[in-house]
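Novice: quick one, what's the 3D model for this:
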Amino acid sequence: MEMLLNPLVLLANFVLVPGLAYGSQLALGALGVTMVYAVLNFSNFSHGEVMSFGAMITILATYWLQSIGLSISPLPTALLALPFGILGAIGLCLLLDRLVFRFYRHQRASSVTYLIVSIGVMFVIGGVIRFIIGPDDRNFNDGDRFLLKAREFKEISGLSEGLAIKSSQAITVFTAVIVVTAIFWFLNRTRTGKSMRAYADNQDLALLSGINPDRVVGITWIITAGLAAVAGTLYGLDKSYKPLVYLHLVLPIFAAAIVGGVGNPLGAIVGGFVIAFSELLLTFAYKKVAAYLFGEGLFGDGLLQILSTDYKFAVSFMILVVVLLIKPTGIFSGKSL
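Specialist: As a prediction, the model looks like this:
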């Protein structure tokens, strides 16, 4: 029995648990991208930097709270500071809409124009972030590190392999479930959410029905910014905060949105987990799993790894290309808020 349980625990430790946490982070990020695309009808490539900005404000607020002696131990102080990050991201998005995106919206600019503008905004935000907080790696998780330690699991189970669950991973999954449930409830149960869906389906008909477009756009930016701040902070808590990493996160986030069906919230969530587990499964070294199942030395010195971890982000790109070739509209077939 141990011959089967040990490799399963090994996979759970390095694939299942990290995949659930990483997939939750990508799902929240992709959900923000999807809402902007569905309602405002453009691909916002600056979304990764908005995530970074929200996380940065959270970190600065965390340092301030720590300096005055406030904490919620054993939970990280960043959870107490998160509302500051959300407000900062909301302020940034509303300011960007007022100064940049509103002009192109009124001009009914093409999607290519929006794409170029959002890339420009992405670099500007990235520069501001690195000017304020610097390019260095920052670990701001001051709570208990583990919910379950590998040594404790070994003692309880009697197995050779241990299962470790980080507190940040549990917080990520729990928070993502609450946020996603709240978003779906808002979109399907509230009058404002139904107005957003109507505006996304047909803008001209929505205007004739008396829906205020500026209000819909403003609420969309508020929700998107909130999602970005939460996703960015959770990613930083789980893996540490480094500004340049969020620039690279744009690829897996957009891959998740497109794989699921860009413009479809459910698709964004499913796409996030598809990308996360694909990255982990393709870059995981299966040598130890094979050793438990087939014995030591059968596979030589190789790691039994499909791809090196250096190609982690390339997995997102490969999946994106395959989906665009086979089913361009994604798993849940395109735009439907």
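Novice: from here on, just use CA atoms for contacts and neighbour counts.
Specialist: Fine.
Novice: helices along the stretch 201-337 of the chain, start to end?
Specialist: Along the stretch 201-337 of the chain, the stretches classed as helices by DSSP state H, counting those that start in this stretch are 203-208, 213-239, 243-248, 250-260, 265-283, 287-294, 312-326.
Novice: just the ones you listed: most buried one?
Specialist: helix 250-260 (a mean of 29; mean count of other Cα atoms under 10 Å).
Novice: starting at the chain centroid, how far to that one?
Specialist: Relative to its chain's centre, helix 250-260 lies at 10 Å (Cα atoms, centre = their mean, to the nearest Å).
Novice: low-confidence ranges in the stretch 51-200 of the chain?
Specialist: Judged against pLDDT under 70, the stretch 51-200 of the chain has no low-scoring part.
Novice: show me where it has helices.
Specialist: Using DSSP H, counting those that start in this stretch, helices in the stretch 51-200 of the chain cover 78-96, 102-106, 111-133, 150-157, 167-189, 191-201.
Novice: between the helices of the stretch 201-337 of the chain, which gets nearest to L40?
Specialist: L40 sits nearest to helix 213-239 of all the helices of the stretch 201-337 of the chain, at 7.1 Å, using Cα to Cα.
Novice: the closest one versus helix 191-201: what angle between them?
Specialist: 100 degrees (axes from the mean of the first three to the mean of the last three Cα atoms, to 10 degrees).
Novice: any idea how far helix 213-239 is from the chain center?
Specialist: Relative to its chain's centre, helix 213-239 lies at 10 Å (Cα atoms, centre = their mean).
Novice: what is the mean pLDDT for it?
Specialist: Here helix 213-239 scores 95 as its mean pLDDT.
Novice: which residues touch A225?
Specialist: Neighbouring residues of A225 by Cα atoms under 8 Å, 6 or more residues apart in numbering: 32, 50-51, 54, 86, 89-90, 93.
Novice: E49 versus that one, what's the distance?
Specialist: 11 Å (Cα to Cα, to the nearest Å).
Novice: now, which of the contacts of A225 sits nearest A150?
Specialist: For the contacts of A225, the nearest to A150 is M51 (31.4 Å; Cα to Cα).
Novice: quick check: that closest one touching G226?
Specialist: No - counting by Cα atoms under 8 Å, G226 is not a contact partner of M51; they are 9.0 Å apart.
Novice: which residues do those two both contact?
Specialist: In contact with both M51 and G226: A89, using Cα under 8 Å, 6+ apart.
Novice: what's the neighbour count on L187?
Specialist: Residue neighbour count, defined by other Cα atoms under 10 Å, stands at 17 for L187.
Novice: and what of Y63?
Specialist: For Y63, using other Cα under 10 Å, the count is 17.
Novice: again with V112
Specialist: Neighbours around V112, by other Cα under 10 Å: 11.
Novice: check contacts around it.
Specialist: Applying Cα under 8 Å, 6+ apart, no residues contact V112.
Novice: same thing but at 10 Å, please
Specialist: 42-43, 118 (Cα atoms under 10 Å, 6 or more residues apart in numbering).
Novice: list the buried residues for stretch 57-76?
Specialist: 57-63, 65, 71, 75-76 (16 or more other Cα atoms under 10 Å).
Novice: wait, which of the residues you listed is closest to R102?
Specialist: Nearest to R102 out of the buried residues of stretch 57-76 is I57 (Cα to Cα; 24.8 Å).
Novice: pull out the CA atoms of stretch 108-126 and give them to me as PDB.
Specialist: Output of stretch 108-126 as PDB, limited to C-alpha atoms (Å, rounded to 0.1, in the frame of the first residue of the first chain):
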ATOM      1  CA  ARG A 108     -14.500  54.200 -30.700                       C
ATOM      2  CA  ALA A 109     -10.900  53.200 -31.300                       C
ATOM      3  CA  SER A 110     -10.000  49.800 -32.800                       C
ATOM      4  CA  SER A 111      -9.000  46.900 -30.700                       C
ATOM      5  CA  VAL A 112      -5.400  47.200 -32.100                       C
ATOM      6  CA  THR A 113      -5.200  50.800 -30.800                       C
ATOM      7  CA  TYR A 114      -6.400  49.700 -27.400                       C
ATOM      8  CA  LEU A 115      -3.800  46.900 -27.400                       C
ATOM      9  CA  ILE A 116      -1.000  49.400 -28.100                       C
ATOM     10  CA  VAL A 117      -2.300  51.900 -25.500                       C
ATOM     11  CA  SER A 118      -2.600  49.200 -22.800                       C
ATOM     12  CA  ILE A 119       1.000  48.000 -23.500                       C
ATOM     13  CA  GLY A 120       2.200  51.600 -23.100                       C
ATOM     14  CA  VAL A 121       0.300  51.900 -19.900                       C
ATOM     15  CA  MET A 122       1.800  48.600 -18.700                       C
ATOM     16  CA  PHE A 123       5.300  50.000 -19.000                       C
ATOM     17  CA  VAL A 124       4.500  53.300 -17.400                       C
ATOM     18  CA  ILE A 125       2.900  51.500 -14.300                       C
ATOM     19  CA  GLY A 126       5.900  49.100 -14.100                       C
END
